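Peer 1: only the shape, not the letters, is given here:
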């Protein structure tokens with residue numbers, strides 16, 4: 001005969017088995033047939049679906065984060081992106097220039113004069129943090145600022161010819177986003193007081209590439225303007241790149257936009273400003289004189305809308321620091337909430 005203790009032990013060790021019951025009137029123990037409890041297929045499917053939903057939410061957040069942080073810039077600029085001024089043969093400044101970005105010569109010619117970076121002793125011009133003044137210069141190989149700037153220069157050359165423009169055509173012209181090649185000119189490409197209008201056609205991330213056949217020359221007081229850049233008051237996240245094989249000279253008080261890449265010397269004359277750009281000489285020096293230069297990484301001097309906007313001063317001047325537009329703010333908030341909601345859903349069914 002099997003004892004009561006053995007039966008109880010066998011039954012209670014199995015999941016899902018009903019406890020045995022004693023029937024005194026009948027004089028024996030009775031137990032129900034062992035029940036094996038299986039997961040409900042429908043319940044398991046719901047768990048899997050919620051897990052997949054949670055994973056998709058995380059992926060969506062990652063994609064949104066990339067979209068929010070994305071902005072257009074010179075193709076291939078790489079490690080040269082944080083630099084406002086690069087001169088292979090050095091950089092010379094006169095006057096109270098304000099540079100919002102890093103400044104450097106090459107390792108072989110590292111001389112940078114007339115500029116200092118806090119808390120160093122003040123010089124006429126200032127390189128403001130997070131910009132860095134590289135007194136020892138930077139390297140020229142691939143993966144370094146000059147090497148990456150050269151890559152960008154060659155990439156742009158490979159985009160030629162683009163839409164051809166006649167010599168002197170820039171004054172008074174309106175250009176939609178695209179690639180353009182400007183014929184050689186013996187006079188100013190953008191005459192004194194002249195305005196070049198860049199029509200973004202409703203896109204705040206519009207891109208222009210303008211390839212000069214020789215030099216880039218602007219007259220005093222000339223302006224490069226952006227119009228129709230999308231939502232009024234939103235930051236300009238587009239890209240304007242100029243390639244000037246034989247160098248660039250920006251006239252006094254020119255209000256300029258975009259990155260200048262040259263294979264010769266560059267001169268930015270008294271009072272000229274460069275917004276959302278940089279000046280880079282791959283084979284010579286850069287000369288500054290009481291200028292304001294603001295890189296695309298810190299492009300807050302330019303806002304876009306139906307009226308023209310151009311680089312007229314420092315980020316704290318003019319329109320001031322521009323906050324992110326409301327759609328971006330909403331997406332940032334949503335990006336923070338989605339993982340929390342997804343985690344709660346997943347833990348509820350775990």
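Peer 2: That came in fine, so what should we check first? Everything numeric in this text was worked out from a predicted model, so none of it was measured. Numbering: from 1, shown residues only.

Peer 1: which of the helices or strands spans residue 135?
Peer 2: Following DSSP states H and E, one finds residue 135 within strand 133-138.

Peer 1: touching, residue 101 and residue 294? I think so.
Peer 2: Yes. Using Cβ atoms under 8 Å, residue 101 is in contact with residue 294, at 7.2 Å. Bear in mind the C-beta positions are built from the backbone N, C-alpha and C, glycine included.

Peer 1: what residues are shared contacts of the two?
Peer 2: Shared between the contact lists of residue 101 and residue 294 (criterion: Cβ atoms under 8 Å, 6 or more residues apart in numbering) are residues residue 84.

Peer 1: and the nearest residue to residue 284 once chain neighbours are set aside, what's its pLDDT?
Peer 2: Distance criterion Cβ to Cβ, 6 or more residues apart in numbering; nearest residue to residue 284, sequence neighbours excluded, is residue 265 at 3.8 Å. Looking at residue 265, its pLDDT reads 96.

Peer 1: could I get the contacting residues of residue 265?
Peer 2: Here residue 265 is in contact with 89, 247, 281, 284, 285, 286, 287 (criterion: Cβ under 8 Å, 6+ apart).

Peer 1: for the strand holding residue 135, name the packing helices and strands.
Peer 2: Here strand 133-138 touches strand 102-106, strand 112-113, going by 3 or more Cβ pairs under 8 Å, 6 or more residues apart in numbering; DSSP states H and E.

Peer 1: deepest of those, which one?
Peer 2: Of all those, strand 102-106 has the most neighbours on average by mean count of other Cβ atoms under 10 Å, namely a mean of 26.

Peer 1: now do it against strand 133-138, angle only.
Peer 2: For strand 102-106 against strand 133-138, the angle by axes from the mean of the first three to the mean of the last three Cα atoms, to 10 degrees is 30 degrees.

Peer 1: mind listing what strand 102-106 pairs with, with the direction of each?
Peer 2: strand 83-87 (parallel), strand 133-138 (parallel) (DSSP bridges).

Peer 1: let me see the mean pLDDT of it.
Peer 2: Averaged over strand 102-106, pLDDT sits at 97.

Peer 1: stretch 164-172 too?
Peer 2: 91.

Peer 1: how long is it end to end?
Peer 2: Its first and final residues considered, stretch 164-172 spans 16 Å by Cα to Cα, to the nearest Å.

Peer 1: also stretch 159-170?
Peer 2: 19 Å.

Peer 1: deepest of the strands paired with strand 102-106, which one?
Peer 2: Using mean count of other Cβ under 10 Å, the stretch among those with the largest mean neighbour count is strand 83-87, at a mean of 29.

Peer 1: got any ranges where the chain has weak pLDDT?
Peer 2: Flagging of the chain using pLDDT under 70 yields the residue ranges 1-72, 231-234, 298-350.

Peer 1: what's the domain layout of it?
Peer 2: Domain assignment for the chain by automatic domain parsing gives 1-37, 41-70+326-349, 78-304.
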